[in-house]
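Q: Sequence first, predicted coordinates after that:
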Amino acid sequence: MNKAGQLITLCFGVTILANCAGNIVPEENKNTWVESQTTADTTPLSLSNSVKWHTTSKEYQFITQGIYLHAEQQLPKVALENETWVVVMDVDETVLDNSQYQVMLDQTNSHYTSETWASWIAAKEATLVPGAANFMKKVYSLGGKVALVTNREKSLDAYTWENVLALIPVTFENTCLMGRTQADKDAINEHTIINDKDLRRQKLIDGTADCFSNHAELPSWQKAHTIVMQVGDNIEDVNKITQENADINALGDRLNKSIFILPNAMYGSW
């Protein structure tokens, strides 16, 4: 997910929160952060089609679960016996569903700002993208690891980790969380580092990953890793690809084998 610079002016209406099994989230857990961003005398506007589809349609849940199921079926084919292997995943709209942040923008006729986005992250109220938890558990069961390479700011990693941990049994040994820093942007050289996640992917390969942890060191990540699969909601969640240079035909052979892209019509690098 690429949040930076997104200016989205939308509308608000009735929404339904669904967890990865498609169940309605308990009433007491609904819209806590969203409600804190609005006033009692505010008349909510109607949802934009993209947010309405994401939050209420059965098609979104069905498509996303189907993609993850297909990815699960591919895992035994890419898992390595004699190498340390990892699946690189985006976080937002890939593991965590942040559609209620978009709902807030809709209902208040607002747009993305780094301040409201940071406030949403700190609230730790994102839910699961359908299918994400089962997929990650399958990776672990096959002896693999997960690297969560997100463009949330690295300074917010603790909130992101706590949000994920409340939903999925991640550990510092099986999951590496890496938020974005200025160094990730500065490293882009149009040759070896093409997008702002490439540096972090390379560090995984080199055994120098800077994973979030409340420990001083994470020895399990200070070794070379082989990336066997990449999962995201944005074409830039694929190594050395940007929205501008992406050759969809060239990527075709990797689609649904080592690359899986989830639907997100609410925002993106487009």
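A: Done, it's in.
Q: longest single strand anywhere in this protein?
A: Longest among the strand segments of the chain by residue count, using DSSP state E, is strand 145-153.
Q: Tell me if I'm right that residue 89 and residue 148 touch.
A: Yes - using C-beta atoms under 8 Å, residue 89 makes contact with residue 148 at a distance of 5.7 Å. (Each C-beta comes from the backbone N, C-alpha and C, glycine too.)
Q: contacts for stretch 217-226?
A: The contact list for stretch 217-226 (C-beta atoms under 8 Å, 6 or more residues apart in numbering) reads 80, 83-86, 145, 147, 172-173, 176, 204-209, 211.
Q: Can you tell me the SS state at residue 191?
A: Following DSSP: H, G, I helix; E, B strand; the rest coil, we place residue 191 in the coil state.
Q: Distance check, it against residue 182.
A: Here the criterion is C-beta to C-beta, to the nearest Å. By it, residue 191 lies 20 Å from residue 182.
Q: ok, the two, which is more surrounded?
A: More crowded of residue 191 and residue 182, by other C-beta atoms under 10 Å: residue 182, with 10 against 7.
Q: Could you pull out the strands in the stretch 101-250 of the chain for me?
A: 127-128, 145-153, 175-180, 226-232 (DSSP state E, counting those that start in this stretch).
Q: Quick one: closest of those strands to residue 166.
A: strand 127-128 (9.9 Å; C-beta to C-beta).
Q: model confidence over that closest one, on average?
A: The average pLDDT within strand 127-128 is 98.
Q: Pairing partners for that strand, with directions?
A: If you go by DSSP bridges, strand 127-128 pairs up with strand 96-97 (antiparallel).
Q: Contacts for the strand it pairs with, please.
A: Strand 96-97 is contacted from outside by 126, 127, 128, 129, 160, 163, 164, 167, using C-beta under 8 Å, 6+ apart.
Q: residues contacting residue 187?
A: Contact analysis of residue 187 by C-beta under 8 Å, 6+ apart lists 193, 196, 198, 199.
Q: Return the member of the residues you listed nearest to residue 46.
A: The closest of the contacts of residue 187 to residue 46 turns out to be residue 196 (C-beta to C-beta; 34.4 Å).
Q: how close does that closest one sit to residue 229?
A: Distance of residue 196 to residue 229, computed by C-beta to C-beta: 20 Å.
Q: ditto for residue 246
A: Distance from residue 246 to residue 229, by C-beta to C-beta: 18 Å.
Q: who has more neighbours, those two?
A: Remark: of residue 246 and residue 229, residue 229 carries more neighbours, 24 against 14, as counted by other C-beta under 10 Å.
Q: Need the nearest residue in space to that one, chain neighbours excluded.
A: With C-beta to C-beta, 6 or more residues apart in numbering as the criterion, residue 229 has its nearest non-adjacent residue at 4.5 Å, and that residue is residue 87.
Q: which strand residues sit across from the one you found in the sheet?
A: Going by DSSP bridges, residue 87 forms beta bridges with residue 146, residue 229.
Q: Kindly provide the distance from it to residue 48.
A: On the measure of C-beta to C-beta, residue 87 and residue 48 end up 32 Å apart.
Q: Give me the spatial nearest neighbour of residue 173, chain neighbours excluded.
A: For residue 173, the spatially nearest residue (C-beta to C-beta, 6+ apart) is residue 220, at 4.8 Å.
Q: Please tell me how far the one you found sits from residue 210.
A: Residue 220 sits 14 Å away from residue 210, taking C-beta to C-beta as the criterion.
Q: for residue 108, same thing?
A: In terms of C-beta to C-beta, residue 108 sits 36 Å off from residue 210.
Q: Distance from the chain centre to the lengthiest helix in the chain, please.
A: Ranked by number of residues, the top helix in the chain under DSSP state H is helix 58-78. Relative to its parent chain, helix 58-78 has a centroid offset of 15 Å by C-alpha atoms, centre = their mean, to the nearest Å.
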